[in-house]
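**Student:** Give me coordinates for this.
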Amino acid sequence: MYLVAQSVLGDMRSFTLSLMEGSRFQCAGTTCPPFATFSTLNIRLCQTSCLNSIQCKAITFHQSTSRCDLFNEILNSNGTMLVDINTVTLIVITGTRIPAELTTTSTTTSTTSSSSTSTTTTG
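**Tutor:** Okay, the predicted model is just below:
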C-alpha cells in the first residue's frame with residue numbers, strides 16, 4: 001500500500017493506493033478505457049493527477065514511454081490484469097480518499113401559485 005498526499009494553500013488531499021508492479025488492465029483498450037491519457041515526467045506526477053481528479057479510481061504508468069492512464073471504472077482488478085514489465089498500476093483503495101468522495105443528490109422543488117383578479121363595475 002502506498003499513501004499519496006498533497007497540500008496546496010491549506011487544501012489537503014490524500015488517498016491510499018494498492019501497488020501492482022508489472023501489471024496493467026487487460027481491458028484498457030476495449031471495455032474499460034482510461035478517461036485520460038497523457039505524457040508526464042514521472043509516476044509521482046501521474047499519481048498527483050489522479051489525486052486531483054475525484055473520479056480517478058486507478059492509474060497505469062508506462063515506464064518506457066512515461067505515459068499515464070487514469071481510470072474512472074475498474075472491474076475486478078485481479079481478473080483483468082495483464083503482465084507488462086514496463087508498467088506500474090496503482091488502484092485507489094475505497095474509502096481512503098480525503099476529502100471523501102463526493103456524493104451528489106438532487107432535490108426538485110416545485111411551487112404553485114395562483115392569482116385572481118376581480119373587477120367591480122358600478123353604474
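
**Student:** The closest residue to residue 53 other than its chain neighbours: how many residues sit nearby?
**Tutor:** Nearest residue to residue 53 in three dimensions, chain neighbours excluded: residue 70, at 6.4 Å (Cβ to Cβ, 6 or more residues apart in numbering). Every residue, glycine included, has its C-beta placed from N, CA and C. Residue 70 is flanked by 19 other residues according to other Cβ atoms under 10 Å.

**Student:** could you say what helices and strands the helix or strand containing residue 70 packs with?
**Tutor:** Element membership of residue 70 [criterion: DSSP states H and E] is strand 67-71. The elements that strand 67-71 packs onto, with contact taken as 3 or more Cβ pairs under 8 Å, 6 or more residues apart in numbering; DSSP states H and E, are strand 36-39, helix 43-51, strand 58-62.

**Student:** In the lengthiest strand in the chain, which residues are buried?
**Tutor:** If you go by DSSP state E, the chain has its longest strand at strand 11-25. Buried residues in strand 11-25, counted by 16 or more other Cβ atoms under 10 Å: 13, 15, 16, 17, 20, 23, 24, 25.

**Student:** need the helices and strands packed on strand 67-71 in TSV with distance to residue 80 and mean neighbour count, can you?
**Tutor:** Compiled in TSV, these are given as follows (distance: least, Cβ to Cβ, whole Å; neighbours: other Cβ atoms under 10 Å):
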stretch	distance to residue 80	mean neighbour count
strand 36-39	18	13
helix 43-51	18	18
strand 58-62	11	22
